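J.: sharing a sequence plus its predicted fold:
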Amino acid sequence: MSISEYTNKMKELSDRGRCLHFESGNRCNHIIGAHSIQKSGQLKAILEDGHVTHIDPRIGSIVKNEGALSATTVSWNKVSTFNGFCQKHDNELFEPIDNSPLKPTKEQVILYAYRCLCREYFVKKNALSLTEKCIKDGSIPRKMLEPFNIGFKHGFTSLTFHKGKFDNSISTKRYDDIVFVCYESKSKWQTQFSGVLYPDFDFLGGKLQNIGNLNATLNLLTFFTAPTKDGWAFVFAWHKSSDVTCQRLLSSLSVIVENGALLEDAIFRFSLSCCENHAFRTSWWIKLSEMQKKVILKRAELMASPDIAVPSTYLSFGLEGIASWSFSKVA
Ligand SMILES: [Zn+2]
């Protein structure tokens, strides 16, 4: 299978929507392109002429640039949509975050986190289905795909576990199951991030969990930016079942800040390293120096490349002095 065939198949799968709501059923017939970064409050804040800039994730453009990543300006409706909810469930479930700024209440935080998680679930399920199809029909040799497939499957099994936990907490309104740290900012909002990850190393380079351990259910962290009444906020949030790893990660962030690192730099480094789902204000990107752009793209390449080992200290150093935000309050 060629790269363009693979890309087309992936597109076909992501166009085929399905509702991920915990009560989904045969009435979920109107699937919409839900925004994992919501349009009204989040994307609108950084749109310029209906466009934002992002690091181009398309395999075709990466191959064209011989493996290098590049930034590109795109229409807002091309960013971060996923066909993961029917209209009824999307409207009902996300009403407290789509129509009100983040206070933050626990209900709002769990809903933002859930939307990040569902996007990842949707994307990873598509990738897994396609890989398995290719192995089955022999369109890509089994021995090439099998190592990736084992990793995919393991990641997806943990993701399914976490979706189950969130489904349960949200459907029974047990919002106390969410733990979060919220950094509020009144600076101009230039960058949007939302994502999930299995934290592997902390901000001091210490190991948190072995993501290669196929027998373990991995702890999951979600993070996102969101509008507040007076500005915006960056939030780390996790279900209490992932407390061990996430508390340690956040403690290490406090330690490096106590030791003199800037919180703003550390969170920017984290966001750029751990987040595929992002959008930048175009004029902000344009005003960066060539060196700053290069540093950002190089970091994204390091994280995306299967051939380069990511150092355990990837959250400890790098990307200093680029973030143009400052945090005034921690909730
Ligand atoms: Zn539905």
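T.: That came through, no problem.

J.: what mean pLDDT does stretch 182-199 get?
T.: Per-residue pLDDT values over stretch 182-199 give a mean of 94.

J.: oh sorry, the question was meant for stretch 112-129
T.: 91.

J.: can you list the buried residues in stretch 67-81?
T.: By neighbour count with 16 or more other CB atoms under 10 Å, stretch 67-81 contains the buried residues 69, 71, 76, 79, 80, 81. Quick note: C-beta positions are derived from backbone N, CA and C, even for glycine.

J.: mind listing what the third one touches?
T.: This points to residue 76. Residue 76 is in contact with 39, 43, 47, 50, 51, 52, counting by CB atoms under 8 Å, 6 or more residues apart in numbering.

J.: for the third one, which non-adjacent residue is spatially closest?
T.: Counting by CB to CB, 6 or more residues apart in numbering, residue 76 is the residue found nearest to residue 47 once chain neighbours are left out, at 5.6 Å.

J.: show the pLDDT at that neighbour.
T.: At residue 76, the model reports a pLDDT of 82.

J.: give me the distance between the residue most central in space within the chain and residue 91.
T.: When CA atoms, centre = their mean is applied to the chain, the residue found nearest the centroid is residue 195 (1.6 Å). Residue 195 is 24 Å from residue 91, where distance means CB to CB, to the nearest Å.

J.: quick check: which element contains residue 266?
T.: Here residue 266 sits within helix 263-274, counting by DSSP states H and E.

J.: identify all contacting residues around that helix.
T.: 183, 191, 193, 195, 197, 203, 223, 234, 253, 256-257, 278, 296, 299-300, 303, 314-315, 317-323, 325-327.

J.: what does residue 227 show for phi and psi?
T.: phi -70, psi 140 (degrees, to the nearest 10).

J.: in the stretch 101-250 of the chain, which residue sits nearest the ion?
T.: Per CB to the ion, residue 118 is where the stretch 101-250 of the chain lies closest to the ion, at 11.4 Å.

J.: what does the chain put close to the ion?
T.: Counting by CB under 5 Å from the ion, the chain comes close to the ion at 19, 21, 24, 28, 86, 89.

J.: this protein: helices as residue ranges?
T.: Under the criterion DSSP state H, helices of the chain are mapped to 3-15, 59-64, 87-98, 106-137, 142-171, 243-258, 263-274, 282-287, 290-304.

J.: what's the mean pLDDT across the first one?
T.: Mean pLDDT, computed over helix 3-15, is 69.

J.: what comes up buried for stretch 117-135?
T.: Within stretch 117-135, the residues scored as buried using 16+ other CB under 10 Å are 117-131, 134-135.

J.: tell me the spacing between the residue nearest to residue 47 and residue 48.
T.: From residue 76 to residue 48 the distance is 10 Å (CB to CB).

J.: then residue 100?
T.: Going from residue 100 to residue 48 by CB to CB gives 25 Å.

J.: now residue 299
T.: 24 Å.

J.: more neighbours, these two?
T.: A count of neighbours by other CB atoms under 10 Å puts residue 299 above the other of residue 299 and residue 48, at 18 against 14.

J.: nearest spatial neighbour of that one, skipping sequence neighbours?
T.: Leaving aside its sequence neighbours, residue 299 sits nearest to residue 272 (CB to CB, 6+ apart; 5.2 Å).

J.: over to residue 304?
T.: In space, residue 304 is closest to residue 69, 7.0 Å off (CB to CB, 6+ apart).

J.: list the residues that contact the one you found.
T.: Residue 69 makes contacts with 55, 56, 62, 297, 300, 301, 304, as judged by CB under 8 Å, 6+ apart.
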